[in-house]
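Asker: Would you be able to build a 3D model of this:
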Amino acid sequence: MGIRDSFFFYSGAGHPDDAATLFQLVNHFFRDPGFSEKALSLAKIRYRQQYEKSERTLDGKMKIDGDRFLAGNDPRFGIPAPETLDQYTLEDVKNWILPHISQAPIEISIVGDIDTDVMTQLAARYLGSLGRREPFARQPERMGPVRFPYGEKRILTVDTKIESAIVRVAFLTDDFWDIAQTRQLSLLAQVLSERVRKKIREELGESYSPYVYNHPSSIFKGYGVMHMVVKIQPGSQDIVFEKLKAIVDSVLSSGITEKETRFALNPVLTHLKTLRESNRYWLNSVMVNSSVYPEKFDWARSLLSGYQQIDRKDLVRLAKKYLVWKKHAGIVIVPKDQSN
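Answerer: Residues are numbered from 1 along each chain as shown. Model (predicted):
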C-alpha cells in the first residue's frame, strides 16, 4: 500500500501467469486491511529512526525544514517530527483510512506483457465483487493558497562532521496543469543547469554536482518552485549566491541562444524516448489518476512533439516572468559548527 498527494493505492508486480494471485492479494487488502497495534508501534519506531537519520544529512534537512520554509512554514509541507506521529492511535488510523478503502471509487491500471481479456476477467472477479462505489470527481478543486517567502533567507544547521554545505536559490513558478508551460520550465531548468555547471564547477571548482530543477505541484494551485542547488565547502555561500545571481541576470539581459536550447533539449528527448518504453512511465505518469485527469493520455501522445516545439523565446519569456532575483528565496544548509 502507498499514498500519493491525492490518493491511496495498492500495487503489485509479478509474472503475467501470477496475475490471479496479485488480484487475490489486492482483494484481501480491501476486505481485511490488517490493522494491529504491533504494526503501528513498529512503524513509529522506524519513522523515528529515519527522521533522526535525515536530520544528520544535508538533503534530509532540506526535506524536513527546507520544503516547509519555501511554503511559508505551511505544516502541510516538510516532514513532521516523530512526536507528532506518536500522538496518533490505531483508532485514528482506522477512522482516517477505512472510509476510503470501503467507499472511495477504484481505478485499476495494468501494464506489461498481458492478455487484456484475461486481465479484464480477473479485475471483474476480484474487484468488481467489492460492490458499487461513487464515481470519480472530475477535476477536483486544487488546494491553496501557499505563501512563498519572497526575498527571505533561511540558514539550516545539521549535526554532522562532513565538511560540506548546500546553497539553494528558489523561485516561485506555477503548478503542474498547464502542461506546455510545465515542459518549458523543465527545459529552462536544463539550460540553467548547464550554465550553473560551467560557472560554479568549472570557474570556481566549488561543487561537484550543481543542478537546477523545477518542481510543480499537482495539488496546490499556482504553486511550483524552481530550485538552483549547489553543494559547496562551508564558508563559500556568499560568493556562490553572487554567481547564481549573475547567471540569472545574464539570462534576463542576454537571453538564451538556440544552441543552448538544442544542447539542453537533445538529451531530454533521448531520455523521453527510452522512458516511453518503460512500464513505470505508463503506470505512474499516465495511467494513475487518469480517471480524474483523462487528458494525461493526450499528454503522453504529445510528449515528444511537445518538447520539440519549445523555442528559446519560450524559455526567455518564462525566465523573465519567474526568475526575478529580488523575489528569490535562499536556503543555506551547513554543519552545526560552521553556522557562524
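
Asker: What are the boundaries of the strands in the stretch 101-250 of the chain?
Answerer: For the stretch 101-250 of the chain, the strands defined by DSSP state E, counting those that start in this stretch cover 153-158, 165-172, 211-216, 224-232.

Asker: Quick check: chain neighbours aside, which residue is closest to L156?
Answerer: Nearest non-adjacent residue to L156, counting by C-beta to C-beta, 6 or more residues apart in numbering: I333, 4.7 Å away. Yep, even glycine has a C-beta here, placed from its N, CA and C like the rest.

Asker: before we move on, the earlier item: quick check: which of the strands of the stretch 101-250 of the chain is nearest to A19?
Answerer: A19 lies closest to strand 211-216 among the strands of the stretch 101-250 of the chain, at 34.7 Å (C-beta to C-beta).

Asker: Which elements pack onto the closest one?
Answerer: Judged by 3 or more C-beta pairs under 8 Å, 6 or more residues apart in numbering; DSSP states H and E, strand 211-216 is in contact with helix 179-196, strand 224-232.

Asker: Any buried residues in that strand, and which?
Answerer: By 16 or more other C-beta atoms under 10 Å, the buried positions in strand 211-216 come out as 211-212, 214-216.

Asker: Could you pick out the one among those with the lowest pLDDT?
Answerer: Ranked by pLDDT, the buried residues of strand 211-216 bottom out at Y211 (94).

Asker: residues touching it, list them.
Answerer: Applying C-beta atoms under 8 Å, 6 or more residues apart in numbering to Y211 gives the contacts 193, 196-197, 229.

Asker: give me the low-pLDDT residue ranges for this structure?
Answerer: 139, 206-208, 338-340 (pLDDT under 70).

Asker: 50 instead, please
Answerer: Along the chain, segments meeting pLDDT under 50 are nowhere present.

Asker: What's the separation between the most centrally placed residue in it and G224?
Answerer: Closest to where the C-alpha atoms of the chain average out (C-alpha atoms, centre = their mean) is H215, at 6.1 Å. Separation of H215 from G224 (C-beta to C-beta, to the nearest Å) stands at 6 Å.

Asker: now R138
Answerer: Here R138 is placed at a distance of 23 Å from G224 (C-beta to C-beta).

Asker: Look at those two and report which has more neighbours.
Answerer: Taking other C-beta atoms under 10 Å, R138 and G224 do not tie; G224 has more neighbours (22 against 9).

Asker: if I pick that one, what's in contact with it?
Answerer: 172-176, 185, 214-217.

Asker: again, but for Q237
Answerer: The contact partners of Q237, taken as C-beta under 8 Å, 6+ apart, are 165, 167, 332, 334.

Asker: ditto for K320
Answerer: The contact partners of K320, by C-beta under 8 Å, 6+ apart, come to L252.

Asker: Can you read off the backbone torsions of it?
Answerer: Per-residue torsions, K320: phi -70, psi -30 (degrees, to the nearest 10).
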